[in-house]
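Novice: Structure for the following, please:
(chains A, B, C and D)
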Number of protein chains: 2
Amino acid sequence: MSMVNSALSTTAYALLGLLVFDRENPEGMTGYELKQRADFTLRYYWVSPAMSQIYTELRKLSEAEFVETAPSDGPARYRVTELGEEQLQTWLFHGEVGFPILKHPVALRLLMGRLSTPEQLGSMLEGHLDDLAARRADLQGVRDMLGDEHRVRYAAMVADWGLAYYDSEAQIVAGLRERLDGMD
Amino acid sequence: MSMVNSALSTTAYALLGLLVFDRENPEGMTGYELKQRADFTLRYYWVSPAMSQIYTELRKLSEAEFVETAPSDGPARYRVTELGEEQLQTWLFHGEVGFPILKHPVALRLLMGRLSTPEQLGSMLEGHLDDLAARRADLQGVRDMLGDEHRVRYAAMVADWGLAYYDSEAQIVAGLRERLDGMD
DNA sequence: ACGTGTCTATTCCTAGTAGGAATATACCTA
DNA sequence: TAGGTATATTCCTACTAGGAATAGACACGT
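Specialist: Modelled structure (predicted):
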């Protein structure tokens, strides 16, 4: 990706995006709050960065003057700047949009299925279905909290996307589960 | 994940899995061939490791004696060992099965949609649909080549999983595309 | 025969990323 | 008032990404 000096990572832009959502709030957010927000929303579409990385990215964003620290006697509170918002907009529609990256440990194991029995594989798939259901419930919680107000309209759309994703994966996996029973 | 000394990464096990598929072949595979194989099959379910990483993982696998180098006067050719196969089996059913990790640059951008127009978002989604179709076609090619013979039965199942995945994502994205038209 | 290009094969380097541990303060509660 | 949990940030280290560099082999046209 040739990350030359000034170029920011996708994760940095994702965080910048979270700050834009919060731009009405003059207080700004601390790195810690940003992490919580990321865990709550971002993680369904992009890896939620580690705490240490949040602060690293905030430092970079700060150097580029895409964020500023609102004066505070306590912890550092970040707000997006005018420049930051423009930059995000530029990146959104002129930056490279890569292809989704998937790391699917369950599919990976099934791929090596011949080293195991259909029973073992079946129970793994069932475990995966449980995980999917739990995650889906979490995301449904997020979706319910979003509502439909204009500010979060697109976030709500993406949440619906995520829910449909989980549902279709669950269907597919259940189908495979059945198919396993028809095997030796 | 607490990667203590001896523990191998998921990527290492994925490569070990590819070597197991090839275990009938006394010649073994070079790192280069392994990379090609990974690009051809693995990449749909797990990030295809960079060349440099292939060699790094092969060194680790070799140190653990999970692979051996078949004698060759030319390039190094690797084969899975008895021990390696056992280890893979152990890992498959006693290792932690993490949750899938997704990095979805399109969903991420849509999440910040309010910084842009529905037209811009729509054309981004259309681009994504094209990408999906192209990828799907690639995967269909892989699937066709696999057939249904016992050796690759599970690999074929996973390919079907992948195809269904692409189809459902395409449907979901097309749905969102429509929904955008109904917006301001 | 000769340069150019592509494929095979491997190593090296650098920057990015993960993620636990460490530190420190504050607040709540048993 | 000790101990747990939440807030807030930094540090360290190992892992990962991925391009660049190197180098031999083979092919193809001139």
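Novice: How about the residues of chain A by DNA strand D?
Specialist: Contact residues (CB under 7 Å from any atom of the strand) of chain A with DNA strand D: A:1-2, A:30-33, A:36, A:51-52, A:55, A:74-76. (Glycine included, C-beta is placed from N, CA and C.)
Novice: can you redo those as a markdown table with distance to residue B:167, secondary structure and neighbour count?
Specialist: Below are those laid out as a markdown table (distance: CB to CB, whole Å; DSSP: H, G, I helix; E, B strand; the rest coil; neighbours: other CB atoms under 10 Å in any protein chain shown):
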| residue | distance to residue B:167 | secondary structure | neighbour count |
| --- | --- | --- | --- |
| A:1 | 30 | coil | 8 |
| A:2 | 34 | coil | 4 |
| A:30 | 43 | coil | 18 |
| A:31 | 40 | helix | 19 |
| A:32 | 41 | helix | 13 |
| A:33 | 39 | helix | 17 |
| A:36 | 35 | helix | 12 |
| A:51 | 38 | helix | 12 |
| A:52 | 39 | helix | 9 |
| A:55 | 41 | helix | 16 |
| A:74 | 51 | coil | 6 |
| A:75 | 47 | coil | 11 |
| A:76 | 46 | coil | 16 |
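Novice: Tell me, how many residues neighbour the nearest residue to residue A:131 once chain neighbours are set aside?
Specialist: Closest residue to residue A:131 apart from its sequence neighbours, by CB to CB, 6 or more residues apart in numbering or on different chains: residue B:99 at 5.8 Å. Neighbourhood size, residue B:99 [other CB atoms under 10 Å in any protein chain shown]: 14.
Novice: Mind jotting down where the helices sit in chain A?
Specialist: Along chain A, counting by DSSP state H, helices occupy A:10-21, A:31-40, A:51-63, A:82-94, A:105-111, A:118-146, A:153-181.
Novice: Could you list the domains of chain A?
Specialist: Domain ranges of chain A: A:10-94, A:105-181, per automatic domain parsing.
Novice: Pass me the low-pLDDT residue ranges in chain A, would you?
Specialist: Scanning chain A for pLDDT under 70 picks out the ranges A:1-6, A:184.
Novice: repeat that for 50
Specialist: A:1-5 (pLDDT under 50).
Novice: Can you pull the residues of it lying near DNA strand C?
Specialist: Remark: the part of chain A in contact with DNA strand C comprises A:3, A:9-11, A:47, A:49-53, A:56, using CB under 7 Å from any atom of the strand.
Novice: thinking again about what came up before, wait, the residue nearest to residue A:131 touches residue A:130, no?
Specialist: No: in this structure, residue B:99 is not within contact of residue A:130 by CB atoms under 8 Å, at 11.1 Å.
Novice: Of the residues of chain A next to DNA strand C, just the buried ones, ChimeraX syntax please.
Specialist: To isolate the buried members of these in ChimeraX, using 16 or more other CB atoms under 10 Å in any protein chain shown:
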select /A:10,11,47,49,53,56
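Novice: want to throw the residues of chain A next to DNA strand C into CSV with distance to residue A:140?
Specialist: Formatted as CSV, the residues of chain A next to DNA strand C follow (distance: CB to CB, whole Å):
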residue, distance to residue A:140
A:3, 37
A:9, 30
A:10, 26
A:11, 26
A:47, 21
A:49, 24
A:50, 26
A:51, 27
A:52, 30
A:53, 28
A:56, 32
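Novice: so which of the residues of chain A next to DNA strand C are also by chain B?
Specialist: A:10, A:47 (CB under 8 Å from any CB of the partner chain).
Novice: Show me the two of the residues of chain A next to DNA strand C that sit farthest apart.
Specialist: For those, the maximum inter-member distance is 21.6 Å, found between A:3 and A:51 (CB to CB).
Novice: OK, contacts around residue A:40?
Specialist: Shown in contact with residue A:40 (CB atoms under 8 Å, 6 or more residues apart in numbering or on different chains): residue A:142.
Novice: if I look at it, how far off is residue A:28?
Specialist: Distance, residue A:40 to residue A:28, using CB to CB, to the nearest Å: 18 Å.
Novice: that older thread, ok, the residues of chain A next to DNA strand D vs chain B, which is closest?
Specialist: residue A:1 (12.1 Å; CB to the nearest CB).
Novice: Which residue, neighbours along the chain excluded, lies closest to residue A:37?
Specialist: Using CB to CB, 6+ apart, the closest residue to residue A:37 is residue A:18 (5.3 Å).
Novice: so who does the one you found touch?
Specialist: Residue A:18 neighbours (CB under 8 Å, 6+ apart): A:29, A:34, A:37-38, A:41-42.
Novice: Take those residues and write them to a markdown table, including neighbour count.
Specialist: Shown next, in a markdown table, are the contacts of residue A:18 (neighbours: other CB atoms under 10 Å in any protein chain shown):
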| residue | neighbour count |
| --- | --- |
| A:29 | 25 |
| A:34 | 23 |
| A:37 | 17 |
| A:38 | 21 |
| A:41 | 24 |
| A:42 | 21 |
